[in-house]
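Asker: structural data only, the sequence is not supplied:
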C-alpha cells in the first residue's frame with residue numbers, strides 16, 4: 001500500500017527543524033526553543049508534539065494530550081465531509097414545447113431519480129417549430 005500523509009497526528013521524536021515555536025496544551029505560547037528542549041518538555045509533561053504550521057519561520061508545534069489529538073482529528077474529518085465534492089455530476093435534459101404527455105412523465109421521473117442521487121440537473125426547454 002502506498003504511504004499516505006497523516007492529516008493530523010503526533011510527530012513523535014522526528015523533528016526536522018532545529019528551532020521551534022512551541023505552544024502548550026492550554027494554547028499559551030512558550031516561545032522559540034531548540035528541538036532538544038522541546039523534546040525534554042514533551043517527556044516531562046507526558047504529552048505529544050504536533051506540527052500546526054510548517055510554512056512559518058520557525059515552524060509552530062503544540063504540546064497535546066492524546067485526547068486533544070483525537071478531538072482535532074474528528075474536527076478535521078467533519079470539515080472534510082462538509083466540503084463540496086470536486087466531481088459533482090451534472091445531468092442535462094432538453095424538452096420540446098410540443099412534447100407528448102407520456103414523454104414528459106418519463107423525463108420528469110428521470111429527473112426525480114437524478115435529484116435523489118444528488119446530481120445537478122439542467123433542464124432546457126426549446127420551442128417547437
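Answerer: That came through fine. The model shown is predicted, which means the values in this text are computed figures rather than measured ones.
Asker: summarise which helices and strands the host helix or strand of residue 38 is packed against.
Answerer: Residue 38 is part of helix 35-45, with elements assigned from DSSP states H and E. Counting contacts by 3 or more C-beta pairs under 8 Å, 6 or more residues apart in numbering; DSSP states H and E, helix 35-45 packs against strand 19-23, strand 48-53, strand 60-64. (C-beta placed from N, C-alpha, C; glycine too.)
Asker: okay, now the sheet partners of the longest one, with direction.
Answerer: Applying DSSP bridges, strand 48-53 is found paired with strand 60-64 (antiparallel).
Asker: which residues are contacting stretch 90-97?
Answerer: 104, 107, 110-111, 114, 119-128 (C-beta atoms under 8 Å, 6 or more residues apart in numbering).
Asker: swap that for stretch 29-42, sorry
Answerer: Residues from elsewhere that reach stretch 29-42 (C-beta under 8 Å, 6+ apart): 13, 15, 17-24, 48-49, 58, 61, 63.
Asker: and stretch 38-48, how far out from the chain middle?
Answerer: Relative to the chain's own centre, stretch 38-48 is displaced by 29 Å; criterion: C-alpha atoms, centre = their mean, to the nearest Å.
Asker: and the residue nearest to the spatial centre of the chain, how far is that from residue 30?
Answerer: Closest residue to the average C-alpha location of the chain: residue 80 at 3.1 Å, with C-alpha atoms, centre = their mean. The spacing between residue 80 and residue 30, counted by C-beta to C-beta, to the nearest Å, is 30 Å.
Asker: what do you get for residue 71?
Answerer: According to C-beta to C-beta, residue 71 and residue 30 sit 21 Å apart.
Asker: same deal with residue 103?
Answerer: Separation of residue 103 from residue 30 (C-beta to C-beta): 71 Å.
Asker: those two - which one has more neighbours?
Answerer: Comparing residue 103 with residue 30 by other C-beta atoms under 10 Å, the one with more neighbours is residue 30, at 16 against 11.
Asker: isn't there a helix covering that one?
Answerer: No. Assigned with DSSP: H, G, I helix; E, B strand; the rest coil, residue 30 falls outside any helix and is strand.
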